[in-house]
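J.: Structure for this input, please:
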Amino acid sequence: MYEKPAAESLRIRRRPRLAEAVVEDVVKSIVTETYPAGTALPPEGMLGDMYGVSRTVIREATMALTEKGLVVSQQGRGTIVRESSGWDMLDPLILSALFQREDGLNYLDNLSEIRSLLEGAMTCKAAERRSPEQLEELSQQMAKLESLIPHPAAYVHEDVGFHDIIMRISGDKLSKAVIDGLQSEALRNHGYSGRLNVEHVRATHVAHETIYDAIVRRDGPAASQAMREHIESSWARRRAARDAAG
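T.: Predicted coordinates:
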């Protein structure tokens with residue numbers, strides 16, 4: 001027979017979700033410098049009142065912030081915001097907040113540089129290692145992309161799949177994990193994705209064809225160069241369009 005959980009049990013189960021909501025908001029406040037490095041967060045009681053939660057929830061949230069490298073407890077001073085050099089920059093919440101800062105474009109520039117370096121190297125490996133079966137998978141993705149050129153939103157979705165196939169073929173799981181982690185948060189930011197249009201998609205597809213042809217030929221250096229040029233030029237176009245739009 002089903003027994004309704006006790007109220008205390010339900011309250012405890014809700015705490016992690018409440019703490020996560022507090023953490024998300026405080027992370028954004030720290031990263032966007034509402035709470036600058038070296039300053040103290042409001043005391044537990046004040047934070048509890050601000051968010052309408054108990055001191056226990058605030059302690060759980062503070063523990064999570066500490067694990068992310070954002071704060072440190074100092075006797076007599078309270079919970080102090082750390083310098084950004086101590087932050088876990090690959091943490092999804094921190095990444096998301098970084099892209100929302102006033103200087104968020106600088107971090108998107110940095111992401112493009114990281115992608116260019118890592119994906120360039122991975123594409124070289126993919127060209128040299130690809131099997132006939134893997135090449136067939138990539139060929140099918142290219143055909144799908146070509147059919148979607150008139151539909152920018154759908155093309156961009158499958159564009160991610162094109163890059164994912166190449167990264168998987170490379171066998172470089174660590175680099176793929178880094179890129180996946182960085183890009184998953186960046187894609188939520190309109191400043192990174194840019195406005196979709198057919199002209200951009202056509203230019204993107206030409207770049208994809210150059211990359212694909214080099215992989216077909218097993219020409220690793222050419223594939224690497226094509227990928228780097230594609231990532232850098234694509235971001236340059238999106239960035240220029242964003243700057244022009246103000």
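J.: Leu138 and Ile166 touch, don't they?
T.: Yes. Counting by CB atoms under 8 Å, Leu138 touches Ile166, with 7.1 Å between them. Bear in mind the C-beta positions are built from the backbone N, C-alpha and C, glycine included.
J.: Identify the contacts common to these two.
T.: Listed as contacting both Leu138 and Ile166 by CB atoms under 8 Å, 6 or more residues apart in numbering are Ile215.
J.: what about these two, which has more around it?
T.: The residue with more neighbours, out of Leu138 and Ile166, is Ile166; 26 against 21, by other CB atoms under 10 Å.
J.: now the more buried one: how far from Val178?
T.: 15 Å (CB to CB, to the nearest Å).
J.: swap in Ala127?
T.: Relative to Val178, and taking CB to CB, Ala127 is found at 20 Å.
J.: out of the two, which sits in the busier spot?
T.: Ala127 (27 against 15).
J.: Who are the contact partners of the closest residue in space to that one that isn't next to it in sequence?
T.: Nearest residue to Ala127, sequence neighbours excluded (CB to CB, 6 or more residues apart in numbering): Ala223, at 3.9 Å. In this structure, Ala223 makes contact with 123-124, 126-127, 211, 214-215, judged by CB under 8 Å, 6+ apart.
J.: gap between Ala223 and Ala214?
T.: For Ala223 relative to Ala214 (CB to CB), the value is 4 Å.
J.: who touches both of those two?
T.: In contact with both Ala223 and Ala214: 123, 127, using CB under 8 Å, 6+ apart.
J.: Which residue ranges make up the domains of the protein?
T.: 7-84, 103-245 (automatic domain parsing).
J.: closest one to Pro92 among those?
T.: Pro92 lies closest, by CB to CB, to one member of these: domain 103-245, at 5.7 Å.
J.: tell me the mean pLDDT for that closest one?
T.: Mean pLDDT, computed over domain 103-245, is 92.
J.: gap between that domain and the chain center?
T.: Relative to its parent chain, domain 103-245 has a centroid offset of 15 Å by CA atoms, centre = their mean, to the nearest Å.
J.: Stretch 93-105 too?
T.: 10 Å.
J.: Pull out the buried positions in it.
T.: Neighbour counts over stretch 93-105 (16 or more other CB atoms under 10 Å) mark 93-100, 104-105 as buried.
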